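*Asks:* sequence unknown, structure follows:
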């Protein structure tokens with residue numbers, strides 16, 4: 001890097017420090033919104049689902065016993081029905097959310113629903129469908 005470039009960078013940072021500007025883009029300058037949170041959640045559920053599937057597949061390969069043995073082991077534990085209902089909800093929620101939000105993204109790929117009111121409406125629909133579907137699957 002040449003001397004002129006170093007001077008410009010130093011001048012840039014000195015001005016930002018003097019004006020007390022945050023490093024941009026900085027989380028403190030954004031107003032949190034439903035679409036922003038849903039985008040972050042969609043990525044998070046995708047990572048969590050793929051990681052979970054990978055862990056279970058790896059466990060199936062390396063654990064010494066077969067699936068029925070571990071299923072019987074879980075059934076022999078003394079967990080109440082609330083624990084199982086919560087566990088089923090906790091498993092169903094990310095699957096339902098990622099599926100419904102994925103359909104929403106497919107609609108966006110077709111060029112539909114880009115107006116701000118439509119983005120919020122489709123977001124609230126995804127959240128409502130996710131909660132209802134998760135409750136329904138947990139009740140099974």
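*Replies:* The structure has been received and is ready for your questions. No experiment lies behind these values; they were computed from the predicted model shown.
*Asks:* In the host helix or strand of residue 120, which residues are buried?
*Replies:* If you go by DSSP states H and E, residue 120 is part of helix 116-139. Residues of helix 116-139 classed as buried by neighbour count (16 or more other C-beta atoms under 10 Å): 119, 122, 123, 126, 127, 129, 130, 133, 134, 138. Every C-beta, even on glycine, is put in place using the N, C-alpha and C of the backbone.
*Asks:* How about the contacts made by the fifth one?
*Replies:* The contact partners of residue 127, by C-beta atoms under 8 Å, 6 or more residues apart in numbering, come to residue 38.
*Asks:* can you check the second one too?
*Replies:* Residue 122 makes contact with 104, 107, 113 under the criterion C-beta under 8 Å, 6+ apart.
*Asks:* Touching, the second one and residue 119? I think so.
*Replies:* No. Checked against C-beta atoms under 8 Å, the pair residue 107 and residue 119 is beyond contact range at 10.7 Å.
*Asks:* so what's in contact with those two at the same time?
*Replies:* Common neighbours of residue 107 and residue 119 (C-beta under 8 Å, 6+ apart) are residue 113.
*Asks:* quick one: residue 42 and residue 94 touch, right?
*Replies:* No. If you go by C-beta under 8 Å, residue 42 and residue 94 don't touch, sitting 10.0 Å apart.
*Asks:* shaky segments in the protein?
*Replies:* Along the chain, the model assigns pLDDT under 70 to residues 1-2, 24, 26-27.
*Asks:* and with 80 instead?
*Replies:* Along the chain, segments meeting pLDDT under 80 span 1-3, 22-30.
*Asks:* With distance to residue 16 added, can I get the buried residues of helix 116-139 in TSV?
*Replies:* Below are the buried residues of helix 116-139 laid out as TSV (distance: C-beta to C-beta, whole Å):
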residue	distance to residue 16
119	33
122	38
123	35
126	39
127	38
129	44
130	41
133	47
134	45
138	50
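*Asks:* hmm, which two among these are most spread apart?
*Replies:* 119 and 138 (28.6 Å; C-beta to C-beta).
*Asks:* so how far is stretch 41-61 off the chain centroid?
*Replies:* 12 Å (C-alpha atoms, centre = their mean, to the nearest Å).
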